[in-house]
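Colleague: below: sequence and its predicted model.
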Amino acid sequence: MSSRPTKEPVTVPPHIQTRLEAAGLRRTLATRAVLGLFLAQPHGGLSHAQALNALTARGLDINRVTLYRLLDRLAVCGVLQRHTDDQARTWRFNLAPQESQARETGTAPLFECDACHRQLRVADASASTQTLAQDVFSALARLGHRGARVEVAVHGTCMDCLEPAA
């Protein structure tokens, strides 16, 4: 990996630093640069190719395989979330919520715009999805399994992407 000076320094928030340390990941230049992409647009989702292009535009020349591994490691340690983009047949990554946000939203559905890939939690629907989650956990327990989390995703088009069409 060769680097040119990046345009802005990246400060790693404490909750992310804690997750990195717990996973044994170092805060390298590449890690800080990748985190900077996601911290700059917390609701946006990036594919590997988009992240690679954005890093190159910011002045960091990173090997594509190194980036794949880093994105996967950040997803495994809970800093990023990885979702399948069925239309593009690729993975998309976005910043994972903080522990406090995750507890507040519980099993609230996630809305992802299929046009811009922005992701938003639909917290208003959390009461009904709590019941759904409990039903799923109970069914799994009866079969001898233990569920960890329920993820509900709704795909569609956000209001920002709908407006140009209207």
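Modeller: Sure, I can see it. These numbers come from a predicted model, not from an experiment. Numbering: from 1, shown residues only.
Colleague: hey, where'd the strands end up in this structure?
Modeller: 2-3, 46-47, 60-61, 80-85, 90-95, 110-113, 119-121, 153-156 (DSSP state E).
Colleague: contact partners for the closest residue to R73 other than its chain neighbours?
Modeller: Closest residue to R73 apart from its sequence neighbours, by C-beta to C-beta, 6 or more residues apart in numbering: L25 at 6.1 Å. Backbone N, C-alpha and C define where each C-beta goes, glycine included. The contact partners of L25, by C-beta atoms under 8 Å, 6 or more residues apart in numbering, come to T31, R73, L74, C77.
Colleague: filter those down to the buried ones.
Modeller: Neighbour-count burial (16 or more other C-beta atoms under 10 Å) is assigned, among the contacts of L25, to T31, R73, L74, C77.
Colleague: count residues in the vicinity of the residue nearest to L46 when sequence neighbours are not counted, would you?
Modeller: Closest residue in space to L46, ignoring its immediate chain neighbours: F93 at 5.7 Å, by C-beta to C-beta, 6+ apart. By other C-beta atoms under 10 Å, 24 other residues sit near F93.
Colleague: report the contact partners of F93.
Modeller: F93 neighbours (C-beta under 8 Å, 6+ apart): 38, 45-48, 51, 71, 74-75, 80-83.
Colleague: look up how far Q50 lies from it.
Modeller: With distances taken as C-beta to C-beta, to the nearest Å, F93 is found 9 Å from Q50.
Colleague: equivalent analysis for T18, please.
Modeller: The gap separating T18 from Q50 is 27 Å, by C-beta to C-beta.
Colleague: now L35
Modeller: As for L35, its distance to Q50 is 15 Å (criterion: C-beta to C-beta).
Colleague: centroid residue for this structure?
Modeller: Against the mean C-alpha coordinate of the chain, by C-alpha atoms, centre = their mean, the closest residue is N94 at 2.3 Å.
Colleague: need the max-distance pair from the contacts of L25.
Modeller: Greatest spatial distance in the contacts of L25: T31 and C77, 10.8 Å, computed using C-beta to C-beta.
Colleague: walk me through the domains of this structure.
Modeller: Per automatic domain parsing, the structural domains of the chain span 1-96, 97-166.
Colleague: what's the least confident stretch among those?
Modeller: Ranked by mean pLDDT, these end with domain 97-166 in last place, scoring a mean of 73.
Colleague: one step back: deepest-packed of the domains of the chain, please.
Modeller: Per-stretch averages of neighbours, counted by mean count of other C-beta atoms under 10 Å, single out domain 1-96 among the domains of the chain, with a mean of 16.
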